[in-house]
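> Turn this into a structure:
(chains A and B)
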Amino acid sequence: MSLEVQDLVVEIDGRRVVDGVSFDVPDGERVGLIGESGSGKSLTALAILGLLPDGATATGSVRWDGRELIGLPDRELATLRGDEIGIVFQEPRTALNPIRTVGRQIGESVRIHEGVSRREASARAIAEAERVRLPDAAELVRRYPHQLSGGQRQRVAIAMALACRPRLLIADEPTTALDVTIQAEILELLGGLVERDGMSLVFITHDLAVLSQVATDAVVLEDGRVVERGPLSRLLTAPESPVTQGLLRDATATLWKPGGVS
Amino acid sequence: MTRAQAHGRHRFAWLGRLWSLSTGRFGIIVVLAIGLTALVARFWTPFDPQKVDVQNRWDAPGIPHLLGTDGSGRDILSLLMAGARTTVWVALGAGAVATLLGLVLAVVGALTTRWVRESVAVLVDILIAFPVLLIAMMLSSVWGGSLWVVIISVGIGFGVNIARVTRPELRRVLHSDFVLAGRAAGLTPFENLWRHLLPNVAPVFIVQLSWGMAVAVLAEAGLSYLGFGAPPTEPSWGILLKDLQTYISVHPLSVVWPGLAITITVLGLNLLGDGLREATDPTLSRRRTAARTPQPVVVS
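The predicted structure is shown next:
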């Protein structure tokens, strides 16, 4: 199942924040969306899922498995979300509901899409927590988000996104809020799981160094437009646009300054 | 331990936490006591609360009249017990009306399209300017004084208050990533409302509601005093307080009882709300949970 984004435009109050973005993610491929903050990469991700904030509208075409998603009723999109397309957000501190146990949150999409009982869902939650290598999963699923570390919370968020074995995972800066050492662990985990399940991956970041560890191709965005695209191997060695060159300089800088990721 | 037991323990853990808080325990005891009194008073009171006994006017507290009698020889304890029924009815009724109105206004005011949201915000601001007393006067001019007037006017007054406080809280929670994550997991907007949004505004809502119910008890007393509430034949703490107040310089002790009943009920409701907020918030109970976690589970 492949994702084809054609001339995607997102407008907020008449302002074009995503301006004609096109890219393809063939089945099983890993594509990075890279750009500075405000380049429209997160809105592109939300537009794919039909989860744009109030006042933002998407036009153009997003085809998933040949099916047009733009303009699809929310009820039908909801059946895809979490089941065929999963998403991991940037900020693990706010991505989990503070008053529900992590087990119930991991099991939520299983309950929705597979209609299993609460007990089955909690058993599945433990299995999924083990899969993202959370320590002592059977006990951990009964805890609340504030009792977990940032890295553990991001693992929970990944378990939530992958619980129904989606065919496409969208990762929106999943490591930006984490320490550099934890970043590496999460990236390795994500890469491993995507490979094992043969999922497609859309990885959103502003850090070429991070992207080079999980993706094979990249689309570079600036001010809502695609400025360069191609295999990462080429972008890293022979970047054409000034934007990519700037990103490459920053990425190298962060490698020399552990903890200096901003 | 079976999984079901573990599950059950987990689901009602907040009740245990509520009981372990001194505020929560006091609140539970008071609310249960008032509820029980109201229930008992339906079937039995020591004396007929309306029975006039001119032989025993202004009896001092003792036997057989535990709290004494009033100026017509009515047993004050029986009057208080019968009045508890009115109090419970008004507190529950006003609480229900306020919950319904407050949640509907808050949800419509927070989650719909912009122009509906803002109209609701303006409507709430206008309604807030209406004192409960004015609403009660308008209602009673149409239907005459009754407990319904008290319930509906206090319910509207506090429903609007609940909406005013809950609406911005809903807006705040709405912009959290976990709400987006809930939608991304495949929840419909309505399911998301029940599972993620409302539970997260519950603490604010509960405190407002318990306060509203406490004020309803006071308002019933006040409105009945002014003649908009219960008719004089109906037993009510407010009417009793009004009757006895006239004689406060002659028989000061008798006024204490209805005053005490109202005060304790209001305090109990307030503390119960406060305890509920603390007991249901997992981030506030961190220390206790952490202290409890290391205990080994005994398998038998």
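> Just the strands from the stretch 101-250 of chain A, written as ranges.
A:168-172, A:200-205, A:217-222, A:225-231 (DSSP state E, counting those that start in this stretch).
> So for chain B, which of these sits nearest?
strand A:168-172 (8.8 Å; C-beta to the nearest C-beta). (Each C-beta comes from the backbone N, C-alpha and C, glycine too.)
> Quick one: the strands of the stretch 101-250 of chain A as TSV, columns for mean neighbour count, distance to residue B:144 and mean pLDDT too.
Output for these, formatted as TSV (neighbours: other C-beta atoms under 10 Å in any protein chain shown; distance: least, C-beta to C-beta, whole Å; pLDDT from 0 to 100):
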stretch	mean neighbour count	distance to residue B:144	mean pLDDT
strand A:168-172	25	62	94
strand A:200-205	25	66	94
strand A:217-222	24	69	94
strand A:225-231	16	71	93
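> will you turn the ones you listed into CSV that also has distance to residue B:171?
Shown next, in CSV, are these (distance: least, C-beta to C-beta, whole Å):
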stretch, distance to residue B:171
strand A:168-172, 23
strand A:200-205, 26
strand A:217-222, 30
strand A:225-231, 32
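> out of these, nearest to residue A:9?
Residue A:9 lies closest to strand A:225-231 among these, at 10.6 Å (C-beta to C-beta).
> Show me what the closest one is in contact with.
A:19-23, A:216-221, A:235, A:239-241, A:243-244 (C-beta atoms under 8 Å, 6 or more residues apart in numbering or on different chains).
> Equivalent analysis for stretch B:251-260, please.
Identification of contacts with stretch B:251-260 by C-beta under 8 Å, 6+ apart yields B:58, B:60-61, B:67-68, B:70, B:76-77, B:80, B:83, B:237, B:240-241, B:244-245, B:247-248.
> rewinding a little: just the buried ones from the contacts of strand A:225-231?
A:19, A:21, A:23, A:217-221, A:235, A:239, A:243-244 (16 or more other C-beta atoms under 10 Å in any protein chain shown).
> for the helix or strand in which residue B:198 is found, packing partners?
Using DSSP states H and E, residue B:198 maps to helix B:198-226. Secondary structure elements in contact with helix B:198-226, counted by 3 or more C-beta pairs under 8 Å, 6 or more residues apart in numbering or on different chains; DSSP states H and E, are helix B:76-111, helix B:132-143, helix B:147-174, helix B:237-245, helix B:252-280.
> Centre of the chain to it, how far?
Distance of helix B:198-226 from its chain centroid, counting by C-alpha atoms, centre = their mean, to the nearest Å, is 5 Å.
> Pull the number of nearby residues for the nearest residue to residue B:267 once chain neighbours are set aside.
Excluding its sequence neighbours, the residue lying closest to residue B:267 (C-beta to C-beta, 6 or more residues apart in numbering or on different chains) is residue B:30, at 7.2 Å. If you count neighbours by other C-beta atoms under 10 Å in any protein chain shown, residue B:30 ends up with 19.
> any idea of the pLDDT on residue B:30?
Looking at residue B:30, its pLDDT stands at 93.
> Can you check my assumption that it lies in a helix?
Yes. Under DSSP: H, G, I helix; E, B strand; the rest coil, residue B:30 falls within a helix.
> quick revisit: now do the helix holding residue B:198, average pLDDT.
In this model, helix B:198-226 has a mean pLDDT of 85.
> Buried residues of it, list them for me.
B:198-225.
> List the residues that contact the nearest residue to residue B:163 once chain neighbours are set aside.
With sequence-adjacent residues excluded and distances taken as C-beta to C-beta, 6+ apart, residue B:163 is closest to residue B:105, at 3.6 Å. Contact analysis of residue B:105 by C-beta under 8 Å, 6+ apart lists B:120, B:123-124, B:159-160, B:162-163, B:167.
> how about a cut-off of 10 Å?
By C-beta atoms under 10 Å, 6 or more residues apart in numbering or on different chains, the contact list for residue B:105 reads B:120-121, B:123-124, B:127, B:159-160, B:162-164, B:166-167.
> Of those, select the buried ones using a PyMOL command.
Provided next is the PyMOL selection string for whichever of the contacts of residue B:105 are buried by 16+ other C-beta under 10 Å:
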select buried, chain B and resi 120+121+124+127+159+160+162+163+164+166+167
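> For the nearest residue to residue B:42 once chain neighbours are set aside, give me the pLDDT.
Leaving out its chain neighbours, the residue that sits closest to residue B:42 by C-beta to C-beta, 6+ apart is residue B:85, at 6.5 Å. On pLDDT, residue B:85 comes in at 89.
> what number of residues lie near residue B:85?
Neighbours around residue B:85, by other C-beta under 10 Å: 19.
> Closest to the centroid, which residue in chain B?
Centroid-nearest residue in chain B, with C-alpha atoms, centre = their mean: residue B:213, separated by 2.8 Å.
> Do I have it right that that residue meets residue B:98?
Yes. The criterion here is C-beta atoms under 10 Å, and residue B:213 meets it with residue B:98 at 8.0 Å.
> list residues touching both of these two?
When contacts are counted by C-beta under 10 Å, 6+ apart, residue B:213 and residue B:98 are jointly contacted by B:154, B:158.
> which SS class is residue A:16?
strand.
> do you know how far residue B:44 is from residue B:157?
Distance check for residue B:44 against residue B:157: by C-beta to C-beta, to the nearest Å, it reads 35 Å.
> More neighbours: these two, which one.
Using other C-beta under 10 Å as the criterion, residue B:44 and residue B:157 rank with residue B:157 on top: 27 against 8.
> pretty sure that one contacts residue B:211?
No. Proximity of residue B:157 to residue B:211 does not meet the contact threshold set by C-beta under 10 Å, at 11.6 Å.
> Skipping adjacent residues, who's closest to residue A:173 in space?
Leaving aside its chain neighbours, residue A:173 sits nearest to residue A:90 (4.0 Å; criterion: C-beta to C-beta, 6+ apart).
> Three-state assignment for the one you found, please.
Under three-state DSSP, the three-state class of residue A:90 is coil.
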